[in-house]
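A.B. asks: this one's structure only:
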């Protein structure tokens, strides 16, 4: 068993095993010369922006995140909204995991470690309030894009990789302070 674990010649390659699967192109193919994960990212951002801005469920999401008690008093099914969002988060994580597995060409349970911290940081950089009730998928899209570019650039420097999470925490702290300042400035009465 130890030989099987440590000898990489026994590891299977996901892409070769799934190439004949009907869903292979949905998660591991290309669209216009780019990986399909890019199309998923764009498509899900557009869908989320549409749902949040143009549907009753989108209003319920903002209301549930902004003030739970007020939302309950207005008849918003806060519990159902939360459960639906948890399910959608799990589906999103599944899409990311399968697309990543196709790129890396291996199944590794540790591949997504600390990604939730990076996701929160990208959302806050994009303008989402850490307390809830404010933010947009488009802002999160650009926050994730900026965070991704910075994190890729970080690994091309001579800085020790162990400092990456300290850097991410610093970015999150700065984004939260800026977010708080902007929210307080917006709440001040105009003269």
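C.D. replies: Cool, got the structure. Keep in mind that what you see is a predicted model, and the values were worked out from it rather than measured. Numbers count the residues shown, from 1 in each chain.

A.B. asks: Run through who's touching stretch 172-188.
C.D. replies: Residues outside stretch 172-188 that contact it (Cβ atoms under 8 Å, 6 or more residues apart in numbering) are 117, 120, 121, 124, 125, 127, 129, 130, 134. For glycine as for every other residue, the C-beta is placed from the backbone atoms N, C-alpha and C.

A.B. asks: Flag every buried residue along it.
C.D. replies: 172, 175, 176, 179 (16 or more other Cβ atoms under 10 Å).

A.B. asks: Same question for stretch 45-60.
C.D. replies: 45, 48, 49, 52, 60.

A.B. asks: that older thread, among the contacts of stretch 172-188, name the buried ones.
C.D. replies: 121, 124, 125, 127, 129, 134.

A.B. asks: so what's the last one up against?
C.D. replies: Put plainly, it is residue 134. 62, 65, 66, 127, 128, 183.

A.B. asks: Among those, show me the least confident.
C.D. replies: Checked by pLDDT, the contacts of residue 134 have residue 183 as the lowest-scoring entry (75).

A.B. asks: how close does it get to residue 132?
C.D. replies: To residue 132, residue 183 is 12 Å away according to Cβ to Cβ, to the nearest Å.

A.B. asks: Is the residue positioned nearest the centre of the chain within a helix or a strand, and which one?
C.D. replies: The C-alpha lying nearest the average C-alpha coordinate of the chain belongs to residue 119 (Cα atoms, centre = their mean; 4.5 Å). Using DSSP states H and E, residue 119 falls within helix 115-125.

A.B. asks: which residues sit against that helix?
C.D. replies: 96, 130, 135, 140, 143-144, 146-148, 151, 165, 168, 171-172, 175-176, 179.
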